[in-house]
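Asks: take a look and give me a structure for this.
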Amino acid sequence: MSWRPAPVTVCAGICLASMVPALGQGTTPGTNTVHTATPAAITIPMAPLNKDVPARPLSSDEAVRIAIVHQPTVEAAEQAVLAAKARTDEARAATKPQVAVGLTYNDVESLNTVQGRPSSAIQSIAGYEGTAALKQLLFDFQHTREVVAQTRFLEVAAQDSLLKAREDLALSTRQAYYSYANAVRVQQISEASLANRQKQLDLAQAQLKTGVGLPSDVARAETSVSQGVTSLTASRAEASLARINLALIIGIDPRTPINITQENAPTASSDSLPDLVAAALKSRLDVKLASDTLKSAQHGIRAARTNNSPVVSASLGLGSTGANFVPGNDAFNVGVSLSWDPFDGGLTAGKVREAKANAAIAVAQKKSTELQVASDVAQAYIAMKTAEQRISSAKDALFNAKEGLRIAVGRFSSGLGLFLDITDAETALESAESDVTVATLDVNQARAALSHAIGAKLPGGL
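Replies: Numbering: from 1, shown residues only. Next up is the predicted model:
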């Protein structure tokens, strides 16, 4: 016995199918939707144009130059170098002649006594005494020289820190620069996407007026436009914030108008990771800073060992005394002195142990720095290669998304497709464009990080 559908079921299916056009088109071709207008971009009062910021689009190298001139952190590092130089001069002063000059006036009054009893006679003695002395260190078993060498290498380390601060600032500036460029591109994508969504709304309304479209298509198109407006508003804000952040990093008023190019970071000087690591170990200021700090600590050990060594000095003096302002009784002396503190209660031994510990710390820090440099290069290299692979696939996806939108619009215009296909294709296109933009940002930032990791030089003149 074969099964057949009941007549009632067939009738219900036929009746429901006949109702679909009525549900889709209805008797009124209009729709009850709300159109979202595009709001004006939010602006803030701009500061007067900085004389160092050109009105034309700014390159990343120009942004780095501006940052090094205006960023307060660089000024702080420069002052640290001056302080280190002053400490070197302080230590070196002990090797130079020391001149001391003095002038004294004395007025001594004494009460005379007669047979042990005070008398009314008062004796007064007044006079002037002038002295001039010259002292020169002759020999102290190289103690002062080692102290000077120790402070001198600390001065060199401060100079390394200054250069490192500039290179770190250059990296931060480039990262902020490419982030701002990415935000501008995202805003442009949002603007183009909103324009596409508006065209799609116009198409849906035209199809509805001709009787071949659905009111739901217009409602969906209006929703798509509203989403596009929301996306554009957010991207505008992100671009403004990225510009403010760039201005902050380069050390100028965040309200300063800044225009930038859409340049891409240069490729690495080599594609070989071992070569890049070797170049970094030779060029990175981190390594030089650690090496100079170690040299300073080694001189500190030698200075500590001679802390209580005998000190031989020569002196030359001139003295004059008398009752008049220009004394007339002159005296001249020449001398050689020896001072030695052989028992200092363990002070020198403690200084030696401390200096050795500081040197051991410097050795460990140097090894750690070398490992960190190799790690920085490897991480930046992998990030760059990964981003370069992503941007290639993202561009392929973008091409396919554009083609998908073109096909969806064509099919809908011909009455063969659904409007939902257009909105899906538009969403896919915007996502693909965003993926390309993000991948481009990652490539630029990874290249900048790799350039910094290998110790690439700053732009010319810096």
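Asks: and the residue nearest the centre of the chain, what does it touch?
Replies: Nearest residue to the geometric centre of the chain (CA atoms, centre = their mean): S172, 3.6 Å. Contacts for S172 (CB atoms under 8 Å, 6 or more residues apart in numbering) come out as A67, I249. Where C-beta positions appear, they are placed from N, C-alpha and C, glycine not excepted.
Asks: again with S161
Replies: Shown in contact with S161 (CB under 8 Å, 6+ apart): A77, A80, V81, L289.
Asks: same question, A355
Replies: A355 makes contact with A297, G300, I301, A303, A304 under the criterion CB under 8 Å, 6+ apart.
Asks: again with R411
Replies: G417, D421.
Asks: what's the following helix or strand after the helix or strand containing it?
Replies: Using DSSP states H and E, R411 maps to helix 347-413. Using DSSP H and E, the helix or strand that follows helix 347-413 in sequence is helix 419-453.
Asks: that next one to helix 347-413, inter-axis angle?
Replies: Interaxial angle, helix 419-453 versus helix 347-413 (axes from the mean of the first three to the mean of the last three CA atoms, to 10 degrees): 160 degrees.
Asks: show me what helix 419-453 is packed up against.
Replies: Counting contacts by 3 or more CB pairs under 8 Å, 6 or more residues apart in numbering; DSSP states H and E, helix 419-453 is packed against helix 143-209, helix 215-249, helix 273-283, helix 347-413.
Asks: same thing but 7 Å
Replies: Contact partners of helix 419-453 among helices and strands, from 3 or more CB pairs under 7 Å, 6 or more residues apart in numbering; DSSP states H and E: helix 143-209, helix 215-249, helix 347-413.
Asks: next, the angle helix 143-209 makes with the shortest one.
Replies: Which is helix 215-249. Following the same axes, to 10 degrees, one obtains 160 degrees for the angle between helix 215-249 and helix 143-209.
Asks: could you check how far the residue nearest to the centre of the chain is from R166?
Replies: S172 sits 11 Å away from R166, going by CB to CB, to the nearest Å.
Asks: output stretch 137-154 in CSV with nothing but the alpha carbons.
Replies: The C-alpha trace of stretch 137-154 is given here as CSV (Å, rounded to 0.1, in the frame of the first residue of the first chain):
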residue,chain,number,x,y,z
LEU,A,137,99.1,65.3,44.0
LEU,A,138,102.3,63.5,43.0
PHE,A,139,101.5,59.8,43.4
ASP,A,140,98.7,57.7,44.9
PHE,A,141,99.2,54.3,43.3
GLN,A,142,96.9,55.1,40.4
HIS,A,143,93.9,55.4,42.7
THR,A,144,92.7,58.8,41.4
ARG,A,145,93.4,57.8,37.8
GLU,A,146,91.2,54.7,38.2
VAL,A,147,88.4,56.8,39.8
VAL,A,148,88.6,59.1,36.8
ALA,A,149,88.5,56.2,34.4
GLN,A,150,85.5,54.8,36.2
THR,A,151,83.5,58.0,36.0
ARG,A,152,84.6,58.5,32.4
PHE,A,153,83.1,55.2,31.3
LEU,A,154,79.9,56.1,33.2
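Asks: start the count at 40, not 1, going forward
Replies: Let's use 40 as the start, then, which means that last one is stretch 176-193.
Asks: run the chain-centre distance for it.
Replies: Stretch 176-193 sits 37 Å away from the centroid of its parent chain (CA atoms, centre = their mean, to the nearest Å).
Asks: quick one: mean pLDDT for it?
Replies: Per-residue pLDDT over stretch 176-193 has a mean of 93.
Asks: tell me the buried residues in it?
Replies: 176, 179-180, 182-193 (16 or more other CB atoms under 10 Å).
Asks: ok, residues contacting it?
Replies: Residues from elsewhere that reach stretch 176-193, judged by CB atoms under 7 Å, 6 or more residues apart in numbering: 123, 126-127, 130-131, 133-134, 331, 334-335, 338-339, 341-342, 345-346, 348, 350-353.
Asks: out of the buried residues of stretch 176-193, which is nearest to L315?
Replies: F192 (28.7 Å; CB to CB).
Asks: coming back round to it: sitting in strands, which of the contacts of stretch 176-193 do you find?
Replies: V350, V351, S352, A353 (DSSP state E).
Asks: which of those tops the neighbour count?
Replies: Among the ones in strands among the contacts of stretch 176-193, V350 has the most neighbours (other CB atoms under 10 Å), with 19 neighbours.
Asks: residue contacts, that residue?
Replies: Contacts of V350 by CB under 7 Å, 6+ apart are D179, S378.
Asks: who does it bridge with?
Replies: Applying DSSP bridges to V350 yields these beta-bridge partners: S378.
Asks: quick one: low-confidence parts of this protein?
Replies: Scanning the chain for pLDDT under 70 picks out the ranges 40-71, 88, 149-164, 365-366, 500-501.
Asks: tally of neighbours for the closest residue to E277 other than its chain neighbours?
Replies: Among residues not flanking E277 along the chain, A222 sits closest, at 4.8 Å (CB to CB, 6 or more residues apart in numbering). The number of residues packed around A222, counting by other CB under 10 Å, is 23.
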